[in-house]
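Trainee: need a structure here:
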Amino acid sequence: MPASASRRSLLVGTALVAATALAATPAASAHTGQQPQPKPTVVLVHGAFADASGWAEVTRRLQRSGHTVLAPANPLRSVDSDSAYLASILQTIPGPIVLVGHSYGGVVITNAAAGNPNVKALVYVAAFAPDEGETVYGLQGMFPGTKLTEEALDLRPYPLPDGGVSYDGYVKPALFRDIFAGDLPAATAAVMATAQRPGDAHTLQQPSGVPAWRSVPSWYLVARNDNLIPAATQRFMAQRAGARTVEVRASHVAMISQPDATTDLIKAAARAAAR
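Mentor: Here you go, the predicted model:
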């Protein structure tokens, strides 16, 4: 065979070998059963005096990272019914879940996650992380510093289905920024005060159930300048839950004023949950 023909045969043979190897690579991956793991669904739960729009910037960042995000409306009626409502939503989500709560939303995720094996991580953002039998009222006054007193609330009665009456609590508009959103522009805080969703005043005294943080890994974002839940209380709850903790200079709405830090902590929890 001429030398040129030999070279052509060698080149063709080498190309065939390379093509065969490339074609075999996906098959080999399939054979080993290694498939890319889907990212956990992130569920964001707001608290009282707020709504799901407070998670807007965090949601945008998580979605850009490829996460499916759900930010349901928290009914804000009672600890038991709010937790049951969230638990029913979680039951519809396949695969791993990272459950995030802000403020009173922390009480709700603490109870709603119990018994759901898909919840792989809890993230508390300036949130209540109660133990069994504890109340929002008791935790809020555990250390000095809260400005959310009864005098700071406008209480408005509303009818119950059984014919009774309960009371919705709103933070007085003149005090809203100082208590809730001190590091946001005054105009922004004024709009939030107008649109705030009230919490039933009875939730302050309703005991929490067995906490999911006893069995589910937890993360906590401490807001150092919080005038609603004192930072000392946040640190206490985070340490008790064994949470991986980050601190930021932020008001109670840390997810709004510090969206990058909040998102980074949620993503760290999501990476751990995906393992």
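Trainee: what's across from the residue nearest to the spatial centre of the chain in the sheet?
Mentor: With the centre of the chain defined as its mean C-alpha position, the nearest residue by CA atoms, centre = their mean is Val100, 1.5 Å away. Beta bridges link Val100 to Leu44, Val123 when assigned by DSSP bridges.
Trainee: Run through the chain and note the low-pLDDT ranges.
Mentor: The model of the chain has pLDDT under 70 over residues 1-36.
Trainee: try 90 this time
Mentor: Residues of the chain that meet the criterion pLDDT under 90 lie in 1-38, 274-275.
Trainee: on that earlier part again, contacts only, for the residue nearest to the centre of the chain.
Mentor: Counting by CB atoms under 8 Å, 6 or more residues apart in numbering, Val100 makes contact with Val42, Val43, Leu44, Val45, Ile109, Leu122, Val123, Tyr124, Val125, Ile266. (C-beta placed from N, C-alpha, C; glycine too.)
Trainee: and of those, the nearest to Val248?
Mentor: If you rank those by distance to Val248 using CB to CB, Val125 comes first, at 9.8 Å.
Trainee: List the backbone torsions phi and psi for that closest one.
Mentor: Note on Val125: backbone dihedrals following degrees, to the nearest 10 are phi -110, psi 100.
Trainee: my guess is it meets Asp264, correct?
Mentor: No. Between Val125 and Asp264 there is no contact, the gap being 11.8 Å when judged by CB atoms under 8 Å.
Trainee: Which stretches in the chain count as helices?
Mentor: Taking DSSP state H as the test, the helices found in the chain are 3-32, 56-64, 79-90, 105-112, 136-140, 173-180, 186-195, 231-240, 254-257, 259-273.
Trainee: ok, back up a step: when Val125 and Asp264 are compared, which one has more neighbours?
Mentor: Higher neighbour count among Val125 and Asp264: Val125, with 34 against 14, using other CB atoms under 10 Å.
Trainee: would CSV of the contacts of Val100 with distance to Gly163 be doable?
Mentor: Below are the contacts of Val100 laid out as CSV (distance: CB to CB, whole Å):
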residue, distance to Gly163
Val42, 40
Val43, 35
Leu44, 35
Val45, 30
Ile109, 32
Leu122, 38
Val123, 40
Tyr124, 37
Val125, 38
Ile266, 43
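Trainee: And these, which of them are buried?
Mentor: Neighbour-count burial (16 or more other CB atoms under 10 Å) applied to the contacts of Val100 gives Val42, Val43, Leu44, Val45, Ile109, Leu122, Val123, Tyr124, Val125, Ile266.
Trainee: burial measure for Ala48, as a count.
Mentor: By other CB under 10 Å, neighbour count at Ala48 equals 28.
Trainee: what pairs with the nearest residue to it once chain neighbours are set aside across the strands?
Mentor: Distances taken as CB to CB, 6 or more residues apart in numbering put Gly199 closest to Ala48, at 3.0 Å, once the chain neighbours are dropped. With DSSP bridges as the criterion, Gly199 is bridged to Gly169.
Trainee: Out of the helices of the chain, which gets nearest to Phe49?
Mentor: The closest of the helices of the chain to Phe49 is helix 173-180. By CB to CB, the value is 6.1 Å.
Trainee: Identify the residues contacting that closest one?
Mentor: 49-50, 147-148, 152, 171, 184, 186, 189-190, 192-194, 196, 227-228, 251-253.
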